[in-house]
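generate a structure from the sequence data that follows.
(chains A and B)
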Amino acid sequence: MNLPEATNFIEQIINEELQAGKFESRGNQLQVRFPPEPNGYLHIGHVKALCINFAVKEKYGAKLNLRMDDTNPAKEDYEYVDSIIDAVKWLGFEYDKLVFASDYYDKLYEIAEKYIMDGNAYVCDLSADEITATRGTLTQPGVNSPYRERSAEENLKLFREMKAGVYPDGAKVLRAKIDMASPNINMRDPVIYRIAHVPHYRQGDKWCIYPMYDFAHPLSDAIEGVTHSLCSLEFENHRPLYDWMIEKAGFPKPVPRQIEFARLNITNTLMSKRYLKKLVDEGFVHGWDDPRMPTLMGLKNRGVPPAALKKFVSDVGVAKNYSVVELAQLDECIRDELNRTAERAMAVLDPVKLTITNYEGEEELDFEVNPLDGGTKTRKIKFSGSVYIDRDDFALVPPPKYKRLTVGANVRLKAAYIVHCDDVKLNAEGEVEEIFCTYYPQTRSGSAEKCDIKAKGVIHWVDAKYGRQVEFRRYKPLLKDEEYPDQDYAERLNAESESVFCGMCEPYVAEGPDEKPYQLMRTGYYKKCTIGGATVLSEIVTLKDNFNK
RNA sequence: UGGGGUGUCGCCAAGCGGUAAGGCACGGGAUUUUGAUUCCCGCACUCGUAGGUUCAAAUCCUGCCACCCCAGCCA
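I've put the predicted structure just below:
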């Protein structure tokens, strides 16, 4: 498994703690967790957190729970739970337990009552607007709620009534009693329970009060016995609150420790669930798993190998700098993986007929499946002397350093013969309609005989008699462009993000299994799939090209 | 403006007082029956900035500057 090696600063912290004997009381058994909210599909940004946590699991033999942080019933559903599990499994990660924050609701409620009894929480009748208004600003302290000094008994009675459904949504909340003058706004008596008469996808109508993240998250960690709670930078401001919650609940040491790292950003890549959901809901894409989506299911459908994603995270590293990685770095990881694993195949995107005038009959040729495996594996391809080549592999007027076919030149048909171009037929518009060549029989691919016939280059081809018509589909990932905000830009990129064109491929590709990636010589990595009954070759990533060097 | 963070090559990122790793990108060359791959070679006398401490600083100290996060009954 290709795990990130650059978790250094996190490892440094853990190593120091281990050395200090912090976890001896629990046999040095570390524990981490991956806690997505099931309100959307996992996207490529989540791979980083996944890799980091699983790296800790691997490196320290830690336990790792996949925890659904489902404390907001209005947004969550089983569909998302399932998709998250699928994505994690697709990546090849094996967690120890699947848990749900909603399974802790009873326990969390008990802790809330304890807070009340200890004078650490109170029921507040202020409206949401009033709470906002009394919270103060970045520079001004907040003012205490008039309900802040209610007695424990009264708070308990009120809180139980909240739970019993006596009050409508928004009428009351439970707040932590911390410090309305704290320079850290998160500490200004944050709401920890709100009333929401909304059924929960797992709990049904059992509850009408739901815990907030700042309360549920640290306590869920503590309940599970998490030792290291790894999260992204935006939660740094919440850490004092995280520690407060656990301390006031009275959990024994060692208590979970929150460590933050910078989240993954990729240039031009949408990375917010909110916006991705919008694309799905408003029909700009076919679904969360549309191959243009940066979701893991989208990447899977596009044909991106999980190993490439892990390599990417590993290459990018883990630090606290706010960073935006170039998309090229991801593409390179995908190419690197596919180059080693994908079978080579021939297909032409824009076919032009090439006829070999001195060839008769037909034969089978050996084609190397992947030159990187030692060139041992081959498969047979049929050759009938009449082929299609790609339109830009022929030039009427060759540019400087052109290495492909032009009238009067020799070029090798990959895995076949060197041919000499004698003539070309143009149509009324002056476009190339057919190319006529003669071949040199002694140049058959693989023949040991030495011959002094040289070719300018090698081009790929599809046999005219045996090749299959096929559709090529390019799904350009949905790219973010700051110039085009929201919807206008969603429409724009949707219009440009899917291109379809017709070409030819080897029968082997048309008949081979779905989902297997192929490298189409000199163009890119594709995988075959069936859309609406038609065989299509859909692009995963292009090959690097140095045509213009 | 209060608080919390971060500033090392175009983009990531090591570095933790001893004289700037690596990856991506880029440029040059070699090999190549994919203009792919592979392979060499080049790519920060300098670490946001200004001072200070030291024989010695990206690393320690001080000031300044820039950027990010926080005022949801979202997570």
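
state the distance from residue A:444 to residue A:365.
According to CB to CB, to the nearest Å, residue A:444 and residue A:365 sit 8 Å apart. C-betas here are computed from N, CA, C, even on glycine.

go on, residue A:447?
Remark: distance between residue A:447 and residue A:365 (CB to CB) = 11 Å.

from what I can see residue A:9 touches residue A:318, true?
Yes - counting by CB atoms under 8 Å, residue A:9 touches residue A:318, with 7.2 Å between them.

which of those two has more neighbours?
Neighbours were counted for residue A:9 and for residue A:318 using other CB atoms under 10 Å; residue A:318 has more, 23 against 14.

and that one, what's its pLDDT?
Residue A:318 is assigned 95 on the pLDDT scale.

intersection of neighbour lists for residue A:444 and residue A:365?
residue A:416 (CB atoms under 8 Å, 6 or more residues apart in numbering).

hmm, back to that, now the common contact residues for residue A:9 and residue A:318.
Between them, residue A:9 and residue A:318 share these contacting residues under CB under 8 Å, 6+ apart: residue A:261.

chain neighbours aside, what residue packs nearest to the residue nearest the centre of chain A?
Of all residues in chain A, the one closest to the mean position by CA atoms, centre = their mean is residue A:44, 2.3 Å from it. For residue A:44, ignoring the flanking residues on the chain, the nearest one in space by CB to CB, 6 or more residues apart in numbering is residue A:294 at 4.9 Å.

go on, residue A:189?
Nearest non-adjacent residue to residue A:189, counting by CB to CB, 6+ apart: residue A:175, 4.6 Å away.

assign that neighbour to helix, strand or coil.
Under DSSP: H, G, I helix; E, B strand; the rest coil, residue A:175 falls in the strand class.

tell me how many other residues crowd residue A:372.
Neighbour tally, residue A:372, other CB under 10 Å: 12.

who touches the residue in the stretch 301-450 of chain A positioned nearest to RNA strand B in this structure?
For the stretch 301-450 of chain A and RNA strand B, the shortest gap (CB to the nearest atom of the strand) falls at residue A:445, measuring 2.9 Å. Counting by CB under 8 Å, 6+ apart, residue A:445 makes contact with A:365-366, A:412, A:414-417.

for it, give me the pLDDT.
You'll see residue A:445 listed with a pLDDT of 90.

which SS class is it?
Look at residue A:445: counting by three-state DSSP, its state is coil.

ok, residue A:460 - contacts?
For residue A:460, the contacting residues are A:346-348, A:389-390, A:393, A:413-414, A:520-522, by CB under 8 Å, 6+ apart.

span of stretch A:235-244 from start to end?
Start-to-end span of stretch A:235-244 (CA to CA, to the nearest Å) is 14 Å.

got the buried residues for it?
A:235, A:238-239, A:241-242, A:244 (16 or more other CB atoms under 10 Å).

in contact with residue A:400, which residues?
Residue A:400 neighbours (CB under 8 Å, 6+ apart): none.

my bad, residue A:56
Residue A:56 neighbours (CB under 8 Å, 6+ apart): A:7, A:10, A:14, A:30, A:32, A:62, A:64, A:228, A:230.

which of the residues you listed fall in strands?
Secondary structure defined by DSSP state E assigns A:32, A:64, A:228, A:230 of those to strands.

which one of these is nearest residue A:126?
Distance to residue A:126 across those (CB to CB) is lowest for residue A:230, with 34.6 Å.

quick check: bridge partners of that closest one?
Per DSSP bridges, the residues bridged to residue A:230 are residue A:259.

one step back: out of the contacts of residue A:56, which comes closest to RNA strand B?
Nearest to RNA strand B among the contacts of residue A:56 is residue A:7, at 8.2 Å by CB to the nearest atom of the strand.

buried set for the longest helix seen in chain A?
Across chain A, the longest stretch assigned as helix under DSSP state H is helix A:44-60. Residues of helix A:44-60 classed as buried under the neighbour-count rule (16+ other CB under 10 Å) are A:44-57, A:60.

ends of stretch A:357-369, what's the gap?
Stretch A:357-369 end-to-end distance (CA to CA) = 29 Å.

near RNA strand B, which residues of the stretch 51-200 of chain A are found?
Counting by CB under 7 Å from any atom of the strand, the residues of the stretch 51-200 of chain A close to RNA strand B are A:69, A:71-72, A:75, A:126-128, A:131-132, A:135, A:137-139, A:169-170, A:173, A:183-186, A:190-191, A:194-196.

in strands only, show me those residues.
Using DSSP E, the subset of these located in strands is A:173, A:191, A:194-195.

I'm done for today, thanks for sticking with me.
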